[in-house]
Structures are given as C-alpha cells and as structure tokens.
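*Asks:* Whatever this is, show me its structure:
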Amino acid sequence: MLASSFTEDKVEAGLDEAGRGCLAGPVVAAAVILPKDFSHPDLNDSKKLTAKKRETLRAVIMKEAIAYKVVEVQAEEIDKINILQASFTAMHRCIDGIETKPDLLLIDGNRFRPYKGIDHECIVKGDGKYLSIAAASILAKTHRDELMTKLSEEFPEYGWEQNAGYPTKKHREAIAKHGTTPWHRNSFKLLPEQKTIDFS
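*Replies:* Alright, predicted model coming up:
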C-alpha cells in the first residue's frame, strides 16, 4: 500500500517524468496534488500497470486531484541543456503552472534542482512509495505515450506507437535506414558505435 502523504499538514505535490531514456520525443513531467484522504487500490508506479489500467487511473487522477499539471520539454531544448536539466526544467514548469501552490515537492529519484521558495524531498523509487508521485508518473507516461502514438502516424517507420521512442532494435534500424526526424534527440547516441577492423 502506497503512503498517502509525506507530512500531515503540508500541501504536497508529487513529481515524476517520463521519457528520459528515449531517442525521440519530449521528456514529459507531471505534478499532482492529491487530497490527504485520497486512496485507490490500483494506484501504483506506472511501469507496473497495464496500459488499460493506466488510462483508467489517468481519468480518476484528473477528476480527483486538487491540482495537476503536465509539461513537455522538446528534443531541441533537451539537446541544448541535456536530459537531466531538461527533466528538472519540465518539473519546474509544472510548479510554475499548477493552480494550487504546494508547500513541499516530492520528487521521484535522487536528484533535483531546487525550486525557489518550496522545499523538496528526493525519494528513490518514490513512484512505488507515495500516491502523489505514482499519480504523477501515470499522468506523465500516459500523456507521452499518447503523443508518441500520434506522432507515429506521421513517422510510421520508427514504431513509436509501440516503443514510444525508446532505443529498441526496430527503432535503431529505422534510424539507420531512414535517418532522423525533427523529434529525434541529436545529442543522444542514436546508433550503436560501429565496430572498425584494423588491418594494419
């Protein structure tokens, strides 16, 4: 059973991201503030849920949350500032735009760039420990998966409707054959380094 909150009295926002390890598409962050008495038997780390269950929970979270915000940081910006900073930037923009301002940020993972004026706690595997982080993980992943499925209609060769931009064999074979798209992250190693044979 996931914990409902980290503190008893503070307004807490759980934050998580999706798509850090992808070769294409944005990194997506979400912030969610849940009521202190919120509970749901199925709410868990998005990676442990089926796509169907994630979609069901997505609707529940959007209906029941006190506030939530989902933000994309695109490949072009990722290439400029690197993926870690892009993830932090996406989370910061979630807090910038969320309607209810939290007193405490619960961050999934072990690192975060402090947000001015709001305390934070970094929680390793937090999406499997706290409801608000799990909720954020679901909103981020469902938003991103939906986007990548939509983009796959324009770029069907890459299989994004199945791999969501992650470095699968099919995705890398498509990059080798068709090249990159405007959605690819050029700062990432898009193809494995070719082995060279020294005949000297």
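*Asks:* surely residue 163 meets residue 170?
*Replies:* Yes: taking contacts as C-beta atoms under 8 Å, residue 163 lies within contact range of residue 170: 6.7 Å. All C-beta spots, glycine's among them, are computed from the backbone N, C-alpha and C.
*Asks:* more neighbours, those two?
*Replies:* residue 163 (20 against 12; other C-beta atoms under 10 Å).
*Asks:* Grab the nearest non-local neighbour of the more buried one.
*Replies:* Among residues not flanking residue 163 along the chain, residue 171 sits closest, at 5.2 Å (C-beta to C-beta, 6 or more residues apart in numbering).
*Asks:* Same check on residue 178?
*Replies:* Spatial nearest neighbour of residue 178, chain neighbours left out: residue 157 (5.1 Å); criterion: C-beta to C-beta, 6+ apart.
*Asks:* before we move on, what about residue 170?
*Replies:* residue 159 (4.8 Å).
*Asks:* before we move on, back to that, part of a helix, is the residue nearest to residue 178?
*Replies:* Yes: the assignment for residue 157 is a helix, going by DSSP: H, G, I helix; E, B strand; the rest coil.
*Asks:* which residues does it contact?
*Replies:* 174, 177, 178 (C-beta atoms under 8 Å, 6 or more residues apart in numbering).
*Asks:* Let's see which of those end up in helices.
*Replies:* Mapping those onto helices (DSSP state H) picks out 174, 177, 178.
*Asks:* how near is the last one to residue 162?
*Replies:* Looking back up the chat, that one is residue 178. Computed with C-beta to C-beta, to the nearest Å, the distance linking residue 178 and residue 162 is 16 Å.
*Asks:* so residue 90 makes contact with residue 16?
*Replies:* No: contact criterion C-beta under 8 Å: residue 90 and residue 16 do not qualify, at 10.3 Å.
*Asks:* In terms of neighbours, single out the busier of these two.
*Replies:* Shown here are residue 90 and residue 16; by other C-beta under 10 Å, residue 16 has more neighbours (31 against 27).
*Asks:* What about the ones in helices among the contacts of residue 157, which one has the most neighbours?
*Replies:* The most crowded member of those, judged by other C-beta under 10 Å, is residue 174 (20 neighbours).
*Asks:* Per-residue pLDDT of it, please?
*Replies:* At residue 174, the model reports a pLDDT of 95.
*Asks:* same thing with residue 1?
*Replies:* 84.
*Asks:* now swap in residue 58 and tell me
*Replies:* Residue 58 carries a pLDDT value of 98.
*Asks:* That one - nearest residue in space that isn't next to it in sequence?
*Replies:* Per C-beta to C-beta, 6+ apart, closest to residue 58 is residue 142, 4.6 Å.
*Asks:* which parts of the one helix or strand that neighbour maps to are buried?
*Replies:* Using DSSP states H and E, residue 142 sits within helix 131-154. Across helix 131-154, burial judged by 16 or more other C-beta atoms under 10 Å covers 131-145, 147-148, 151-152.
*Asks:* ditto for stretch 83-98
*Replies:* Applying 16+ other C-beta under 10 Å to stretch 83-98 flags 83, 86, 87, 88, 89, 90, 91, 92, 93, 94, 95, 98 as buried.
*Asks:* If anything else comes up later, I'll come back, but that's it for now.
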